[in-house]
Each structure stands twice: as structure tokens, then as C-alpha cells.
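[1] Give me the fold of what follows.
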Amino acid sequence: MVRNKFKQWVECSIELLNKEFISTEFVKHKLDESHIPNPSTGVIHESENCLGQITVWESSQMEYEVVNIETEEMILWKYFEKLSLDSDFSIVLKEYFEVLQTGLKP
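    Residues are numbered from 1 along each chain as shown. The predicted model follows:
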């Protein structure tokens, strides 16, 4: 399950991201997951310049976005229809983290 793999990857990456001055927070859902047809795991990141959010659904879809804090402009948005179980999130999210740190459009 890609979603569980993503959650584990995030948990293992928190310390490294903190060293890069990027905070990480899991999105907390108020509803019981068993009542949701396609539950998701979401993460919010904050850097000096930007806010970012990544969502991975049980169906292996993924979406991420980065917004410039100062201008409130969305500077990056990407959607993946289906991630494979062997996806390397460090590679898939490389552009996301570059934009999150620099605040510059790709």
C-alpha cells in the first residue's frame, strides 16, 4: 500500500527536514477512516518562504502543492494518477522540496 509506505517515509524524513528548516505536520482528520471510501494521508510542510501540502490516497493517487507565504501565490501543483508500490518518495518529491525551500517557480 503506497499510502502506508508514504506515511513511513514521512516519519523517517522529519528529522532530516528539520535540519533543512522545514517543519512537518500530519493532517488530522476528524472522521473515522472506515467511513471514507478513499481515505488519505496528508502532510503539511512549512519553510521560511513557503507552505506545502502532500496528500496520498488509498487508491495510490498523490497530489502536492506549494504556496508562497508572502504572496499567497500557488507556485507548484502536481497530481499523480497512480503511484507504484516501489515509488521512491525522495525522487518523486524532489521538485516539491526544491520549490518549498527556494520559494521559486520551477
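
[2] For the nearest residue to Glu46 once chain neighbours are set aside, the count of nearby residues, please.
    With sequence-adjacent residues excluded and distances taken as CB to CB, 6 or more residues apart in numbering, Glu46 is closest to Ser23, at 4.8 Å. Yep, even glycine has a C-beta here, placed from its N, CA and C like the rest. Using other CB atoms under 10 Å, Ser23 has 12 other residues around it.

[3] same deal with the one 4 residues further on?
    Val27 is surrounded by 12 other residues when neighbours are defined as other CB under 10 Å.

[4] Without its sequence neighbours, what residue ends up closest to Glu70?
    Asn49 (7.4 Å).

[5] Roughly how far does the one you found sit from Ile22?
    10 Å (CB to CB, to the nearest Å).

[6] Show me what counts as buried in the helix or strand hosting Glu63.
    Assigned by DSSP states H and E, Glu63 belongs to strand 62-68. For strand 62-68, burial by neighbour count (16 or more other CB atoms under 10 Å) applies to 62, 64-68.

[7] ok, now stretch 2-9?
    So stretch 2-9, judged by 16+ other CB under 10 Å, has buried residues 2-3, 5-6, 9.

[8] returning to that earlier point: could you pull up phi and psi at the residue nearest to Glu70?
    Taking degrees, to the nearest 10, you get phi -100, psi -30 for the backbone angles of Asn49.

[9] still on that earlier bit, which neighbours do Asn49 and Ile22 share?
    When CB atoms under 8 Å, 6 or more residues apart in numbering defines a contact, the residues bordering Asn49 and Ile22 alike are 100-101.

[10] so what's Glu58 up against?
    Glu58 is in contact with 1, 3, 38-40, counting by CB under 8 Å, 6+ apart.

[11] Quick one: buried ones out of those?
    Burial of those was assessed by neighbour count (16+ other CB under 10 Å); the buried members are 3, 40.

[12] Going by length in residues, pull out the top helix of this structure.
    helix 2-19 (DSSP state H).

[13] what does that helix contact?
    Counting by CB under 8 Å, 6+ apart, the neighbours of helix 2-19 from elsewhere in the structure are 23-24, 26, 39-41, 43, 45, 54, 56-58, 60, 62, 83-85, 87, 89-90.
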